[in-house]
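A.B. asks: Got a sequence here, can you model it:
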Amino acid sequence: PSYCLCSAGRSRRTGRDPDVGTNSLQNYQLSLNQYFTLAVKESPDGSKQAELLLEKPLDREKQRYHHLVLTAVDGGDPVRTGTAQVRVNVTDANDNPPVFTEEIYKISLRENLPKGSLVLQVRATDTDEGLNAEIMYSFSNVPDNDRKLFSLDPRTGGITVTGPLDFEEVKFYQANVEAKDGGGLTAHSKVQIQILDENDNVPVIDFTIISNPVPEDSAPGTVLALLNVRDRDSGKNGEVTCGISDINDNSPI
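C.D. replies: Got it, this is the predicted structure:
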């Protein structure tokens, strides 16, 4: 909970009544509330002072101000009273940590995305105020190689691509993100990045000759060479079909 300035002890108020004896100020009363009570103290000269005491902790995030009425009562007949308005301003304490909008941020990025591309913005909120609500973002427990590929703006929470993304090398990244407020309280979230394949690799052909030269009496179906074709891409981007081009109708192959 947050605390008001008087939470360290008390706030003291003194009333004045020019009458004397029983007609002078005799007591104080405080308007009904759940947070404050009065303690009335008498000085050696006979004057009475009211001390405002805090009964239980205050929470600024629920109520920033408390309005009270202090009533001074004399002992005359009829009884006369005087009132004073008391406003208690509740100052902030750093009692609330940041809270991320998501426990896990999940995104998918195509490989070969240009450097400088803003791909995600993480965000945390803090119900405190002032410096206690100022949040700074940082990566935590992230491998150095991953730090070369992504940067995190400490103030905005924006994540930017800073290096080449290659599906064939790494298909998935996970990073821990920390949010820290001005009072040192922290929160943590995860960022999961799935890399999507693009058709950025050409097929590669390995050619192994079995028979060279080819005897003229070779039977139909004789294996002349072995072809091995591969493509580093995935899915349909990695599916390869083979064919022979520039072959005339009289070719025996």
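
A.B. asks: For L30, which non-adjacent residue is spatially closest?
C.D. replies: L38 (4.6 Å; Cβ to Cβ, 6 or more residues apart in numbering). Every C-beta, even on glycine, is put in place using the N, C-alpha and C of the backbone.

A.B. asks: for that neighbour, what are its contacts?
C.D. replies: 28-30, 50-53, 70 (Cβ atoms under 8 Å, 6 or more residues apart in numbering).

A.B. asks: What's the end-to-end length of stretch 119-135?
C.D. replies: End-to-end distance of stretch 119-135 (Cα to Cα, to the nearest Å): 20 Å.

A.B. asks: Quick check: mean pLDDT of it?
C.D. replies: Mean per-residue pLDDT for stretch 119-135: 95.

A.B. asks: Give the buried residues for stretch 88-100.
C.D. replies: Under the neighbour-count criterion of 16 or more other Cβ atoms under 10 Å, stretch 88-100 has 88, 90, 92-98, 100 buried.

A.B. asks: no, scratch that, I was asking about stretch 76-91
C.D. replies: 86, 88, 90.

A.B. asks: likewise stretch 185-192?
C.D. replies: For stretch 185-192, by 16+ other Cβ under 10 Å, it's 185, 187, 189, 191.

A.B. asks: Tell me, what's the model's pLDDT at the first one?
C.D. replies: In the prediction, the pLDDT value recorded for L185 is 96.

A.B. asks: in the stretch 1-150 of the chain, which spans are strands?
C.D. replies: 10-14, 25-30, 36-42, 48-54, 65-74, 81-89, 99-100, 104-110, 118-121, 124-125, 135-140, 150-152 (DSSP state E, counting those that start in this stretch).

A.B. asks: Which neighbours in the sheet does the longest one have, and how are they oriented?
C.D. replies: According to DSSP bridges, the neighbouring strands of strand 65-74, each with its direction, are strand 25-30 (antiparallel), strand 81-89 (antiparallel).

A.B. asks: Save those as a markdown table, and put in mean pLDDT too.
C.D. replies: Below are these laid out as a markdown table (pLDDT from 0 to 100):
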| stretch | mean pLDDT |
| --- | --- |
| strand 25-30 | 86 |
| strand 81-89 | 90 |
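
A.B. asks: Reformat those as CSV; add distance to L196.
C.D. replies: Formatted as CSV, these follow (distance: least, Cβ to Cβ, whole Å):
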stretch, distance to L196
strand 25-30, 67
strand 81-89, 54
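
A.B. asks: Kindly export stretch 57-65 (C-alpha atoms) in CSV.
C.D. replies: C-alpha atoms of stretch 57-65 as CSV (Å, rounded to 0.1, in the frame of the first residue of the first chain):
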residue,chain,number,x,y,z
PRO,A,57,-2.3,1.8,5.6
LEU,A,58,-3.6,4.0,2.7
ASP,A,59,-3.6,3.0,-0.9
ARG,A,60,-3.0,5.9,-3.3
GLU,A,61,-4.0,3.7,-6.3
LYS,A,62,-7.5,3.4,-4.8
GLN,A,63,-7.9,6.8,-3.2
ARG,A,64,-5.6,9.8,-3.7
TYR,A,65,-7.3,12.2,-1.3
